[in-house]
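Okay, structure incoming, though there's no sequence with it:
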């Protein structure tokens, strides 16, 4: 991966962006895409749009990823200065204990840890269950409620402190690969398209609040009026010892992006992706989604009478944890596939199903 593209990805990863608190990461994304687009704008909730080409050209292709990540929010400050929290998005409370966290207060980042009762003090029943989230807490070292309130307020966001880490063989670990990989792919594809421009209009979109309910994509899918939408998110890397392939499919790191079949995935768009991948020598994998994808694709495809949409997944081990693992070769292939798809589309081409 080129040095500037890798730096962009690492910076995105290390910039906290829980749902509803995406501004800092959106600014990182904007800084990368603005030099490569013809126009840039945001909307009232902070979705970001970078357009390349004539806005009236048809078809209009949208490349989308969501910028938000999982996190927590301070919901109560106890008398002794401990912080109690609620989850932002689909958090796994089993991972909450014994972690380092960042509390994003008005005066900056406050270091904290999540409390965990020492095993010596646990009763046998305590070891058999995961406490409810409201039974756990964050310790910032405060001596009292008054002490804590000098730095922290109810409503402040919290993220795990884990950042970008290089592993072996071009693989990396981080919190927030879900879904910095999506906005990275859309932004990097736009950069590649600026070097060899497509014949149609392309808008890269960085959406907000996917983890809370596909909210940003619902807004963006309506306002951009796309003719085609390619939505990039993570999908489960099942190449680990304790994951059932008969139940969850066989998706492996290093074998390329995953093309999704079924539900919101438009058959003509999916076939074009397969054809383009074959022509460009881009390895791809297949995934079944017979009911829904669980991604922003489920919001985009329902807009304005139906938008031909495809969901693309990047293999990701340990999803919704602070140590998600991806392969950078898959990430590079994802951006290349998006750009190649856009260049393959001709002016006036329709993806409507014909009978």
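That came in fine, so what should we check first? As the structure is a prediction and not an experimental result, all values here were calculated from the model. Residues are numbered from 1 along each chain as shown.

Where does the prediction get shaky in this structure?
Scanning the chain for pLDDT under 70 picks out no residues.

for it, which helix is longest?
Ranked by residue count under DSSP state H, the longest helix found in the chain is helix 177-195.

Give the next helix or strand downstream of that helix.
strand 201-207 (DSSP states H and E).

Can you show me the helices along the stretch 1-150 of the chain?
Here the stretch 1-150 of the chain has its helices, by DSSP state H, counting those that start in this stretch, at 3-14, 23-33, 145-149.

Quick one: closest of the ones you listed to residue 355.
When the helices of the stretch 1-150 of the chain are compared by Cβ to Cβ, helix 23-33 sits nearest residue 355, at 39.0 Å. All C-beta spots, glycine's among them, are computed from the backbone N, C-alpha and C.

Show me what that closest one is packed against.
helix 3-14, strand 39-42, strand 48-52, helix 177-195, strand 201-207 (3 or more Cβ pairs under 8 Å, 6 or more residues apart in numbering; DSSP states H and E).

just checking, residue 297 touches residue 308?
No - using Cβ atoms under 8 Å, residue 297 is not in contact with residue 308, being 10.8 Å away.

These two: which is more packed in?
Set residue 297 next to residue 308 and count neighbours by other Cβ atoms under 10 Å: residue 297 wins out with 31 against 25.

all strands of the stretch 251-355 of the chain, in order?
258-261, 285-288, 309-316, 324-327 (DSSP state E, counting those that start in this stretch).

export these to a markdown table and tack on distance to residue 334 and mean neighbour count?
A markdown table is the format used below for the strands of the stretch 251-355 of the chain (distance: least, Cβ to Cβ, whole Å; neighbours: other Cβ atoms under 10 Å):
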| stretch | distance to residue 334 | mean neighbour count |
| --- | --- | --- |
| strand 258-261 | 9 | 21 |
| strand 285-288 | 12 | 16 |
| strand 309-316 | 6 | 28 |
| strand 324-327 | 10 | 23 |
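
which one of the ones you listed lies closest to residue 138?
strand 324-327 (21.6 Å).

Give me the helices and strands touching that closest one, please.
Counting contacts by 3+ Cβ pairs under 8 Å, 6+ apart, strand 324-327 is packed against strand 171-174, helix 177-195, strand 309-316.

Excluding chain neighbours, what is closest to residue 71?
residue 18 (2.9 Å; Cβ to Cβ, 6 or more residues apart in numbering).

contacting residues for the one you found?
Contacts for residue 18 were tallied using Cβ atoms under 8 Å, 6 or more residues apart in numbering; they are 68-73, 88-89, 157-159, 211.

quick check: domain ranges of this structure?
According to automatic domain parsing, the chain comprises the domains 3-69+175-344, 71-160.

mind checking the end-to-end distance for the first one?
The one in question is domain 3-69+175-344. Counting by Cα to Cα, to the nearest Å, you get 27 Å between the two ends of domain 3-69+175-344.

which ones are touching the closest residue in space to residue 136 that isn't next to it in sequence?
Closest residue to residue 136 apart from its sequence neighbours, by Cβ to Cβ, 6+ apart: residue 96 at 5.6 Å. The contact partners of residue 96, by Cβ under 8 Å, 6+ apart, come to 114, 133, 136.

what is the first one paired to in the beta sheet?
Beta-bridge pairing for residue 114 (DSSP bridges): residue 138.

Could you check how far it is from residue 229?
Using Cβ to Cβ, to the nearest Å, residue 114 is found at 38 Å from residue 229.

So which of the two has more stuff around it?
Taking other Cβ under 10 Å, residue 114 and residue 229 do not tie; residue 229 has more neighbours (30 against 20).

tell me the secondary structure for the more buried one?
strand (DSSP: H, G, I helix; E, B strand; the rest coil).

wouldn't it be in contact with residue 311 here?
No - under the criterion of Cβ under 8 Å, residue 229 makes no contact with residue 311, lying 9.4 Å away.

Can you mark which positions in stretch 145-160 are buried?
By neighbour count on 16 or more other Cβ atoms under 10 Å, the buried set for stretch 145-160 is 148, 151-152, 156-160.

That stretch: end-to-end distance?
In stretch 145-160, first residue to last residue: 22 Å (Cα to Cα).

of all the buried residues of stretch 145-160, which comes closest to residue 63?
When the buried residues of stretch 145-160 are ranked by distance to residue 63 (Cβ to Cβ), residue 159 comes first, at 26.0 Å.

following the strand or helix carrying the closest one, which helix or strand comes up?
Per DSSP H and E: residue 159 is located in strand 157-160. Next helix or strand after strand 157-160 toward the C-terminus (DSSP H and E): strand 165-166.

Okay, now the sheet partners of that next one, with direction.
Partner strands for strand 165-166, per DSSP bridges, with pairing direction: strand 171-174 (antiparallel).

now the partner strand: how far from the chain's centre is it?
In terms of Cα atoms, centre = their mean, to the nearest Å, the centre of strand 171-174 is set 14 Å apart from its chain centre.
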